[in-house]
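Undergrad: mind looking at a prediction? Sequence and model below.
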Amino acid sequence: MKRGIVAACAVAAALVAGCTAQDDGEVRIVFAAGNDPSGATAALVEEYNASHEGVTVSFQPMPVNTDTQHDAYVTYLSARDATIDLYSLDVIWTAEFARAGWIVPLPPGFLAADDFLDGPLGSVTYEGTVYAVPWFTDAGVLYYRRDLLEEAGVPVPETWDEIREAYEKIAAPRDMEGFVWQGARYEGLICDFLEFLWGLGGSIDGAVVAADPALAEREIAQAIELVLGFFDDGVSPESVLTYKEEGSLRLFTESHALFLRNWPYAWSMAEGEESKVKGLVGIAPLPHAAGETGYSTIGGWNVALSSHSTHPDEALEFLAFITSERALKLRAIEGAYLPTRKSTYEDPEVLAANPHFESFFEVFRYTRNRPRSPHYPQISDIIQVNVHEALSRQKSPEEAASAIVEDLAEFSFE
Ligand code: GLC
């Protein structure tokens, strides 16, 4: 009953006043984060509540899509809504949320920086101040059908040419798709597109855009052409332009695709009971052009305290718990979420449940960030719109590239 009331309050912001006005002495904390199908987060919240008299935390699962979460949070926070105390934030939002004053700096010493991996740690600060605790980390990974490659005697592809050859030899004759990824017009497209661009030796770098816009344009146009070439040759179906993480993953777990680009959590789905490819999957670093290096986009999520929380002390206590070693361990074991604490990678139980974590170390050797700026949403939007239009052939690669470079010139970013 108690939980039911809290959940209803969390969803209907209009009822907030009524909810907080309950006078039973119970402190209610709402933690909003992307849905966790493994159930680990819900179990942790339950465990916490059972051992914390007078405090009830409720987990408000959000749609996993990062843009949907972003827009919902911006709506809550700009209305100074106090419903949600703790937010799980995509690594790309820290600067924007901190600058807007929506999240508060964490008390000095709250974050034991030495315990965390450098990549995720780099995403929780804005102008030298710590605003969040790293929760789980992400990096783009190539999933492949180990069984089919082995059967055909084809080595795991390292270059895009090898991906194309494997597609022609193995996937095309079986009427399977070759390489599927996330090409819908949303944040995921930025992650995947940057990986294509980096794998060609290019970048979208604030300094380059400012100093040599012609070079930036050329590199972006080349990356668009590379992908159009995949469509022309059938290596990637044009339907990827509608896929987000789940859509592309489903194709792979239904055994309709030879290669998939996705995040580490996809492993637990590919190996899940429902998957038709359970036991048949391998993981490798992302492919690249011959003579270049493949880089994975760094993703991941942090936890931050809302500046509108009416119970910041209790909220911080839960923040410490949900980002503790124990919580990261359970989420790693149950949901294959990659921990942000170094020690978790040495935990035998974590490694026993995730023998593939070892393969991720190789992937994590070459990772890069998306542009960093408090104006990230605008930057992302400019790239999304133009790249998607070019890939759906509404604009030429050159037109899209010059529009991106011209529009990005308005913003400063790293
Ligand atoms: C994953 C990543 C996140 C990224 C998103 C794009 O959730 O962790 O950083 O923005 O995918 O779809």
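TA: Looks like it came in fine. Numbering: from 1, shown residues only.

Undergrad: neighbours around the closest residue to the ligand within the chain, how many?
TA: Using C-beta to the nearest ligand atom, Gly299 is the residue of the chain that sits closest to the ligand, at 2.7 Å. C-betas here are computed from N, CA, C, even on glycine. Using other C-beta atoms under 10 Å, Gly299 has 26 other residues around it.

Undergrad: so it, which state does it fall into?
TA: strand (DSSP: H, G, I helix; E, B strand; the rest coil).

Undergrad: what sits closest to it if chain neighbours are left out?
TA: Leaving out its chain neighbours, the residue that sits closest to Gly299 by C-beta to C-beta, 6 or more residues apart in numbering is Asp138, at 3.3 Å.

Undergrad: partner strands of the helix or strand harbouring that neighbour and their direction?
TA: Assessed by DSSP states H and E, Asp138 sits inside strand 133-139. Strand pairing for strand 133-139, determined by DSSP bridges: strand 296-305 (antiparallel), strand 338-339 (antiparallel).

Undergrad: now these in a markdown table, with mean pLDDT?
TA: Converted to a markdown table, the strands paired with strand 133-139 look like this (pLDDT from 0 to 100):
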| stretch | mean pLDDT |
| --- | --- |
| strand 296-305 | 97 |
| strand 338-339 | 94 |
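
Undergrad: before we move on, the earlier item: residue contacts, the residue nearest to Gly299?
TA: 263-265, 298-301, 338 (C-beta atoms under 8 Å, 6 or more residues apart in numbering).

Undergrad: tell me the pLDDT of it.
TA: If you check Asp138, the pLDDT there is 95.

Undergrad: could you do the one 4 residues further on as well?
TA: Leu142 is assigned a pLDDT of 97 by the prediction.

Undergrad: repeat that for Ala10.
TA: Per-residue pLDDT puts Ala10 at 43.

Undergrad: cool, and Asn354?
TA: At Asn354, pLDDT is 89.

Undergrad: helices and strands around the longest helix along the chain, which ones?
TA: Criterion DSSP state H: the longest helix present in the chain is helix 213-233. When contacts are defined as 3 or more C-beta pairs under 8 Å, 6 or more residues apart in numbering; DSSP states H and E, helix 213-233 packs onto helix 160-166, helix 187-199, helix 206-211, helix 376-391, helix 397-408.

Undergrad: now the shortest one: buried residues?
TA: Neighbour counts over helix 206-211 (16 or more other C-beta atoms under 10 Å) mark 206, 209 as buried.

Undergrad: quick one: contacts of that helix?
TA: Contacts with helix 206-211, where a contact means C-beta under 8 Å, 6+ apart, come from 215-216, 371, 373, 405, 408-409, 411-414.

Undergrad: how about the residues you listed in TSV, adding distance to the ligand and pLDDT?
TA: Converted to TSV, those look like this (distance: C-beta to the nearest ligand atom, whole Å; pLDDT from 0 to 100):
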residue	distance to the ligand	pLDDT
Leu215	26	97
Ala216	22	96
Pro371	12	94
Ser373	15	92
Val405	22	97
Leu408	18	96
Ala409	24	93
Phe411	18	91
Ser412	21	85
Phe413	16	89
Glu414	17	85
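
Undergrad: farthest pair within the residues you listed?
TA: Greatest spatial distance in the contacts of helix 206-211: Leu215 and Ser373, 20.3 Å, computed using C-beta to C-beta.

Undergrad: near the closest residue to Gln378 other than its chain neighbours, how many other residues are there?
TA: In this structure, Gln378 finds its nearest non-sequential neighbour in Phe411, 6.6 Å apart by C-beta to C-beta, 6+ apart. Look at Phe411: counted by other C-beta under 10 Å, it has 16 neighbours.

Undergrad: same check on Glu46?
TA: 13.

Undergrad: do Gly128 as well
TA: 5.

Undergrad: for the one 4 residues further on, same thing?
TA: Applying other C-beta under 10 Å, we find 31 other residues in the vicinity of Ala132.

Undergrad: wait, the residue of the chain closest to the ligand touches Asn262, no?
TA: No: here Gly299 lies out of contact with Asn262, judged by C-beta atoms under 8 Å, at a distance of 10.8 Å.

Undergrad: for Leu89, grab phi and psi.
TA: Leu89 adopts backbone torsions of phi -110, psi 140, taken as degrees, to the nearest 10.

Undergrad: not counting its own residues, what contacts stretch 235-252?
TA: Residues from elsewhere that reach stretch 235-252, judged by C-beta under 8 Å, 6+ apart: 64-65, 143, 163-164, 167, 177-186, 188, 227, 229-231, 257, 260-263, 266, 269-270, 277, 388, 391-392.

Undergrad: rerun at 6 Å
TA: Stretch 235-252 has contacts (C-beta atoms under 6 Å, 6 or more residues apart in numbering) with 164, 167, 177-184, 188, 230-231, 257, 260, 262, 266, 269, 391-392.

Undergrad: how about stretch 343-355?
TA: With C-beta under 6 Å, 6+ apart, stretch 343-355 has contacts from 328-329, 332-333, 336.

Undergrad: buried subset of those residues?
TA: 328-329, 332-333, 336.

Undergrad: so, low pLDDT: which residues of the stretch 51-200 of the chain?
TA: Across the stretch 51-200 of the chain, nothing is flagged by pLDDT under 70.

Undergrad: could I get the full set of helices for it?
TA: 66-78, 94-99, 118-121, 146-152, 160-166, 187-199 (DSSP state H, counting those that start in this stretch).
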